[in-house]
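Student: please work out how this folds:
(chains A, B and C)
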Amino acid sequence: MLSKSYRLRARGSFSYVRAHGAKVGGKLISFVALKGNCKRIGFVVSNKIGKAVRRNLVKRRMRGVVRELLPRLSCGQMIFIAKPGVTELSYAEIKTRMTTLLVKAGYLSL
RNA sequence: GGAGAUAACCGGACGGUUGCGUCGCAUUAAAACGACGAGGAAAGUCCGAACACCACAGGACAGAAUGCCGGCUAACUACCGGUGAAGGCGACUUCAAGGAAAGUGCAACAGAAAUAAACCGCCGCUUUUGCGGUAAGGGUGGAAAGGUGAGGUAAGAGCUCACACGGCCCUACGGUAACGCGGGGCGCUAUGUAAACCCCAUUCGGUGCAAGAUUGAGGGAUAUAGAUUGUCCGUCUUCCCUCUCCCAUCGCUUGAACCGUAAGGUAACUUACGGUCUAGACAGAUAACCGUCCUCGACAGAAUUCGGCUUACAGGUUACUCUCACC
RNA sequence: GUCCCUAUGGUCAAGCGGUUAAGACACCACCCUUUCACGGUGGAAUCUCGGGUUCGAGUCCCGAUAGGGAUA
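Tutor: Numbers count the residues shown, from 1 in each chain, chains lettered A, B, ... in the order given. Down below sits the predicted model:
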């Protein structure tokens, strides 16, 4: 789990980032980001993905990936959006998909 | 071995590294350390309450719910025990189970006729066409004017009689009661449906923690307006509206709590004693990786809190019934 | 979280407890036509599921399932 300072929390900033940020689409996970001073990461896992147990599992796995990659991330507000079918993926698959998205968007420094 | 039925319980275990939420300890603040950290259904939101606000929580009508008896409970339509009815060989299961001589409505098709008698039939008279009597028999239907037997009659009919038949009324005994089980009387008129309207009895004010509490500013209003009910009556009042603003704190977890023992009770449950503190978030905490073992792990994630109900559930354990084979 | 509504052929749908569940579009088969279209005839429904009330439920009552909506 991320500590509070690295989480994107306010409702307004979610809609602001989704309106103005740069989007990178993926098959099962999408990514929206906006450059800024601090690192803030949010996750969207809607009702369509599954019941509460599956949604929580997806969220936890995505958070775990972000925690591993956190020191290499550049600053900005980022949102990961999960799509139906993501529950079939294992942790390793989610990790590879998210790293490719971050590399495409240019937020991951090697 | 096969088939079945109900209830109760369990719901992978252990270890390591990194990481998260709350609390404690400290502090300007953090880090570090320690403790705790999802369920039997947390789910559906189908009932019932606590708690909060609506001035008071008043009356009448309307509306809604419930409806055998007794118990239990903070409360309930729940739960427990019994009665009756229906189903099953049985273990056992199901039942909104008051009132149809207060009134209204409905009962398709079939059938002569559906709450009302005469199609066929039977009998008498007349005579081969009618009139009268009849409810035994036929056929239709879910239901056809109590059933069976005997007497009786022109033929028949509770017209009369009998019943270890039914109904109604009175009554002895058992039971707290529903009711059960006997006795006597009444020839007996009375179809079904109230999960159709309705009648009777009992209960119910509304909204829901996104309830609500903690500020400031602006505007409106003196009899309008308002006081969270569908209508009316009664009563009361200076307050009402908008924005800041749904941002923060509180509400928020010690509670009709849980565990154990004993006693009472068939049981639901109650009482006494002892012990425990056991999630409290607000984009919302349980994850990732590795190792060992086994039967290889289902349904599923707290959001104000409790008591029930309903639904989902891999596999396993215990108790029960019927049947087959063998000893 | 709280609170509502709906479910009838493939689709849109009507249906006062009572005959074989009314229609429209689409589909299939046959007829008509030299052929296609138009037209005609016929077919196709476990009334979402499970119980109950009733002589008899698509309809009334209870429970479930699925879908949709309001609020913030």
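Student: burial count for A:I81?
Tutor: When neighbours are counted by other Cβ atoms under 10 Å, A:I81 registers 19. C-beta: built from backbone N, CA, C; applies to glycine.
Student: what does the helix or strand hosting it rub up against?
Tutor: Per DSSP states H and E: A:I81 is located in strand A:76-82. Applying Cβ atoms under 8 Å, 6 or more residues apart in numbering, the contact partners of strand A:76-82 are A:8, A:13-14, A:17-18, A:21, A:28-36, A:39-46, A:49, A:58, A:62, A:66, A:98, A:101, A:107.
Student: after it, next one along is what?
Tutor: From strand A:76-82, the next helix or strand downstream (DSSP H and E) is helix A:91-105.
Student: so how far is that next one from its chain's centroid?
Tutor: Chain-centre distance of helix A:91-105: 10 Å, with Cα atoms, centre = their mean, to the nearest Å.
Student: is RNA strand B contacted by it?
Tutor: Yes - applying Cβ under 7 Å from any atom of the strand, one finds helix A:91-105 in contact with RNA strand B at A:91-92.
Student: got the CA positions of stretch A:54-72 in CSV?
Tutor: Below are the C-alpha coordinates for stretch A:54-72, written out as CSV (Å, rounded to 0.1, in the frame of the first residue of the first chain):
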residue,chain,number,x,y,z
ARG,A,54,-12.2,-9.0,-7.3
ARG,A,55,-12.1,-5.2,-7.5
ASN,A,56,-10.2,-5.0,-4.2
LEU,A,57,-7.7,-7.7,-5.5
VAL,A,58,-7.1,-5.7,-8.7
LYS,A,59,-6.5,-2.5,-6.8
ARG,A,60,-4.1,-4.1,-4.4
ARG,A,61,-2.1,-5.7,-7.2
MET,A,62,-1.9,-2.3,-9.0
ARG,A,63,-0.8,-0.6,-5.9
GLY,A,64,1.9,-3.2,-5.3
VAL,A,65,3.3,-2.6,-8.8
VAL,A,66,3.4,1.1,-8.2
ARG,A,67,5.1,0.7,-4.9
GLU,A,68,7.9,-1.3,-6.6
LEU,A,69,8.3,1.3,-9.4
LEU,A,70,7.9,4.4,-7.2
PRO,A,71,11.6,5.5,-7.0
ARG,A,72,11.9,5.4,-10.8
